[in-house]
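**Student:** got a predicted model here, sequence first, then my questions.
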Amino acid sequence: MVPTGPEVVSEHTASGQRGAEQGANGTYDVVIIGGGPGGYAAALYGAAAGLSMAIVELDKVGGTCLHRGCVPAKEFLETAAVYRTVAGASQFGISNGTADNAKPTVEFAVSQARKQQVVDQLFKGLSGLLKGRGVALFNGTGTLLPDHKVRITGNDGSTTEITGTDIVLAAGSLPRMIPGFDVDGTVVMTSDEVLALDTLPASVAVVGGGAIGCEFASLFADLGSKVTVFEALPTILTGCDSDVVNVVARSFRKRGIDVKAGMQLQGHTPGPSGQGTVVLYGDGEKLAVDAVVVSVGRRPRTDGLLAEGTGVIIDERGFVVADEMMLTAAPGVWAVGDVVANTPQLAHVGFAEAIVVIKSILGEPVLPVDYDRVPWAIYCHPEVAFAGLTEAAAKEAGYDIVVKKDPFGGNSRARIIGDTEGVVKVIAQRRPDGTAGKILGVHMAGPWVTEQLGAGYLAVNWEATPDEVAQFIQPHPSLSETFGETVLALTGRGLHVA
């Protein structure tokens, strides 16, 4: 830890030399293993405060999120959205001059190239930010040794050691696999391989109906693939509010996505003439598909992360154990992101955890991340976004609640853009007089709800009441009006909501 007075911050931000000077003897204020969202956020935030920072990264800074996850996946989902727009242009009186029944064509290699361009531009910008703030970057595999030393093993087998007064473990995660579905990159794929495709399979089995699985199912279906989703649990999107799940499930059915929930898989066998594969499921049932996408969650990347004697505890599932301030069992060793036990594995949560760590190292006041109230965003069509307790969770927690729902069908902007599937649902604690008190949860499914959650997130985290939130004016016509109308209805005097 170093002083954080104005002179230190000024010196660091002016020249970026402080990290280089301390790095000359291999010692830094903070050494971070992993350059994904949690890792690079810690580096940027710490460097802005005048700390000398070093990142050890196996591949490229930005991690899975930038290169093989959030960003490329959303790029392809945007391709699907553009396809839907073009395919539905005739309802707005716009024709491309072809026959009425002509469908747009998808040149997925072009979309792949555009995706890579977006990723490369963001990577270049992030790399420039880190360099500009004097963050030292070491390429290789980082292993924490005792006494806050980090061994860096390069791809050529060479090793070097650096030391940090504090250490941040931010090694991220890998796709989780299931027995009987070994990845070959052609027929059986994880998100890593899907996001590198140049052509679209005609038929796809998506194994896993969580956020990632539903995004891939929506993407493939919109671009013309025949999609079947296999989910072992009773419903897709487990953890989401039931009304939100119903909206997505109904949309999937209308678009021909076959969801087989509560279904166990037995494996797969080579397809006819060696093409594709045949998925075995249920009671001897079979489904021939061109590709299988396994999306059953992610596992922590902790293999080789720790040497003996560090004092850091790894749980039975392979996650690093840390307290609410992200401190592990070893003094001065912190952990953030997907590698940490019992966290949502969301990139933006990694950002927040990184700030908690750096403020703690600096001795500044800081609150831990409240995982029950973080914002969630799922980019399938229709989109899903929420913060706080679901209706079922609120009841299970013992709350007496008041609930209001407002469909997007009555929203003027939704009608204008021709996208009316969806709902906004607000859950509040019931006061003794029966009126709605503290807002406990905000849940949305529909057009662009991932961009609308901000007001609901603030309401939940500020423990605001409908009376307080209803005073804020929503622009008209806008999609965000639906949230405002739902909250206003909770005051007992709604305009367009019963």
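**Tutor:** Happy to help now that I have it.

**Student:** the top helix by length along the chain: which residues count as buried?
**Tutor:** The single longest helix within the chain, with elements called by DSSP state H, is helix 108-132. Buried positions in helix 108-132, judged by neighbour count with 16 or more other Cβ atoms under 10 Å: 111-112, 115, 118-119, 123, 126-127, 130. Just so you know, the C-beta spots here come from the backbone N, C-alpha and C atoms, and that holds for glycine as well.

**Student:** could you do stretch 75-88 as well?
**Tutor:** Of the residues in stretch 75-88, those buried (16+ other Cβ under 10 Å) are 75-81, 83-84.

**Student:** cool, and stretch 280-288?
**Tutor:** 280-281, 287.

**Student:** just give me the closest of those residues to Q429.
**Tutor:** Out of the buried residues of stretch 280-288, the one with the shortest distance to Q429 is Y281. That distance is 42.6 Å, counting by Cβ to Cβ.

**Student:** ok, and the closest non-adjacent residue to the closest one?
**Tutor:** Take Y281 and drop its neighbours on the chain: the residue closest to it by Cβ to Cβ, 6 or more residues apart in numbering is L265, 4.9 Å away.

**Student:** now the strands for the stretch 251-400 of the chain?
**Tutor:** 258-261, 265-270, 277-281, 285-289, 291-294, 298-300, 333-335, 376-378, 383-388 (DSSP state E, counting those that start in this stretch).

**Student:** I'd say Y40 and G62 touch.
**Tutor:** Yes. Y40 is in contact with G62 according to Cβ atoms under 8 Å; the separation is 7.0 Å.

**Student:** shared neighbours of the two, anything?
**Tutor:** Taking Cβ atoms under 8 Å, 6 or more residues apart in numbering as the criterion, Y40 and G62 both touch L126.

**Student:** which one's more surrounded, the two?
**Tutor:** For Y40 and G62, the more surrounded residue by other Cβ atoms under 10 Å is Y40, and the numbers stand at 30 against 24.

**Student:** does the more buried one belong to a helix or a strand, and which?
**Tutor:** Secondary-structure element containing Y40, defined by DSSP states H and E: helix 37-48.

**Student:** mind checking the SS state of the closest residue in space to L122 that isn't next to it in sequence?
**Tutor:** In space, and not counting its chain neighbours, L122 is closest to L66: 5.9 Å by Cβ to Cβ, 6+ apart. Taking DSSP: H, G, I helix; E, B strand; the rest coil as the rule, one finds L66 in the helix state.

**Student:** OK, contacts around L66?
**Tutor:** Taking Cβ under 8 Å, 6+ apart as the contact definition, L66 lies against 36-37, 60, 119, 122-123, 126.

**Student:** the residues you listed into CSV, with extra columns for distance to N246 and pLDDT?
**Tutor:** Shown next, in CSV, are these (distance: Cβ to Cβ, whole Å; pLDDT from 0 to 100):
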residue, distance to N246, pLDDT
G36, 34, 97
P37, 32, 97
K60, 40, 95
V119, 35, 96
L122, 35, 97
F123, 39, 97
L126, 39, 97
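
**Student:** what is the nearest of those to T186?
**Tutor:** Looking at the contacts of L66 and their distance to T186, the nearest is V119, at 22.5 Å (Cβ to Cβ).

**Student:** what sits against that closest one?
**Tutor:** For V119, the set of contacting residues under the criterion of Cβ under 8 Å, 6+ apart consists of 62, 66-67, 71-72, 75.

**Student:** for burial, what's the neighbour tally of the closest residue to A352 other than its chain neighbours?
**Tutor:** The shortest distance from A352 to any residue other than its chain neighbours is 5.0 Å, reached at V369 (Cβ to Cβ, 6+ apart). Residue crowding around V369 was assessed by other Cβ under 10 Å; the count is 21.

**Student:** residues contacting D192?
**Tutor:** For D192, the contacting residues are 68, 175, taking Cβ under 8 Å, 6+ apart as the criterion.

**Student:** okay, now the domains of the protein?
**Tutor:** In the domain annotation for the chain, the residue ranges read 6-65+115-174+299-372, 188-296, 382-490 (automatic domain parsing).

**Student:** nearest to G88, out of the ones you listed?
**Tutor:** Using Cβ to Cβ as the measure, domain 382-490 is the one of the domains of the chain that comes nearest G88, at 6.6 Å.

**Student:** what about that closest one, average pLDDT?
**Tutor:** Mean pLDDT, domain 382-490: 97.

**Student:** for that domain, what is the distance to the chain centroid?
**Tutor:** Centroid separation for domain 382-490 versus its chain: 21 Å, with Cα atoms, centre = their mean, to the nearest Å.

**Student:** name the nearest residue to the residue most central in space within the chain, ignoring sequence neighbours.
**Tutor:** Against the mean C-alpha coordinate of the chain, by Cα atoms, centre = their mean, the closest residue is L346 at 4.2 Å. The shortest distance from L346 to any residue that is not its chain neighbour, by Cβ to Cβ, 6+ apart, is 6.7 Å, and that residue is V374.

**Student:** you'd agree the one you found is up against G388?
**Tutor:** No. Judged on Cβ under 8 Å, V374 makes no contact with G388 at a distance of 9.3 Å.

**Student:** tell me which of these two has more neighbours.
**Tutor:** Counting neighbours by other Cβ under 10 Å for V374 and for G388 shows that G388 has the greater number, 26 against 19.
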